[in-house]
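[1] Structural data only, the sequence is not supplied:
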């Protein structure tokens, strides 16, 4: 099986439908925390819905329109990174993440996202990777900054979620910027 070490006994590997129980367990452990800004915990509420969510990403991978990877720490699924959208023809992708509270502050999302952006840029020819984040989600904004992304702007009150309209920030990195930053590090 393919896995990428993230250090600290953590690894990145594909998250697939047969792992629905692990996804559900991770959501149950972090449902409130993860659900502050993203709807994933609202979609993954039982084993069937976890399997359906993972099948959606398996279909996206088969159609080359998205990807999903899990982050395992000490053998337990604690988070994930993904390309919510992936368009090779236009050279664009939107990356995202989720992480349960016990795994916060260890750099796992930043390291995992670096790995998938490297793959997208170097292997698949993606030119622009975007990161959409609620303006109130400082932790995710800090990931975008650590990845060397540029804030492109704010989509004011564009995301209705749990009875409130949230401003969404658009951050991005272009392939030449990504490559230049990787050479410097």
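    Nice, I can see it. Bear in mind that the values here come from a model prediction, so they are computed numbers and not experimental data.
[2] So, low pLDDT: which residues of the protein?
    Applying pLDDT under 70 to the chain flags residues 1.
[3] so where do the helices sit in it?
    20-34, 40-43, 47-62, 108-118, 138-146, 175-184 (DSSP state H).
[4] Can you tell me which of those is most buried?
    Highest mean neighbour count of the helices of the chain: helix 108-118, a mean of 21 (counted as mean count of other Cβ atoms under 10 Å). Just so you know, the C-beta spots here come from the backbone N, C-alpha and C atoms, and that holds for glycine as well.
[5] returning to that earlier point: nearest to residue 101, out of the helices of the chain?
    For residue 101, the closest of those is helix 20-34, at 4.5 Å, according to Cβ to Cβ.
[6] The closest one: how far from the chain's middle?
    Helix 20-34 has its C-alpha centroid displaced from the chain centroid by 15 Å (Cα atoms, centre = their mean, to the nearest Å).
[7] tell me the angle of that helix relative to helix 47-62?
    100 degrees (axes from the mean of the first three to the mean of the last three Cα atoms, to 10 degrees).
[8] what's next to helix 20-34, contact-wise?
    With Cβ atoms under 8 Å, 6 or more residues apart in numbering as the test, helix 20-34 has contacts from 15, 40-41, 44-47, 50-51, 53-54, 70, 76-79, 98-102, 104.
[9] give me that answer again for 6 Å
    40, 41, 44, 47, 50, 51, 54, 77, 98, 100, 101 (Cβ atoms under 6 Å, 6 or more residues apart in numbering).
[10] go on, stretch 167-180?
    With Cβ under 6 Å, 6+ apart as the criterion, stretch 167-180 contacts 121, 127-133, 135, 144, 148-149, 151-156, 158-159.
[11] ok, so of the contacts of helix 20-34, who is nearest residue 88?
    residue 54 (22.2 Å).
[12] And the residue nearest to the closest one when sequence neighbours are not counted, how far from residue 174?
    In this structure, residue 54 finds its nearest non-sequential neighbour in residue 17, 4.2 Å apart by Cβ to Cβ, 6 or more residues apart in numbering. Applying Cβ to Cβ, to the nearest Å, the value for residue 17 to residue 174 is 33 Å.
[13] again, but for residue 11
    Taking Cβ to Cβ, one finds residue 11 at 28 Å from residue 174.
[14] which of the two has more neighbours?
    Each of residue 11 and residue 174 has its neighbours counted (other Cβ atoms under 10 Å); residue 11 has more, 19 against 16.
[15] Correct me if wrong: that one contacts residue 70.
    No - at 8.9 Å, residue 11 does not count as touching residue 70 under the criterion of Cβ atoms under 6 Å.
[16] Tell me the buried residues in stretch 143-160?
    Residues of stretch 143-160 classed as buried: 143, 144, 147, 148, 149, 159 (neighbour count, 16 or more other Cβ atoms under 10 Å).
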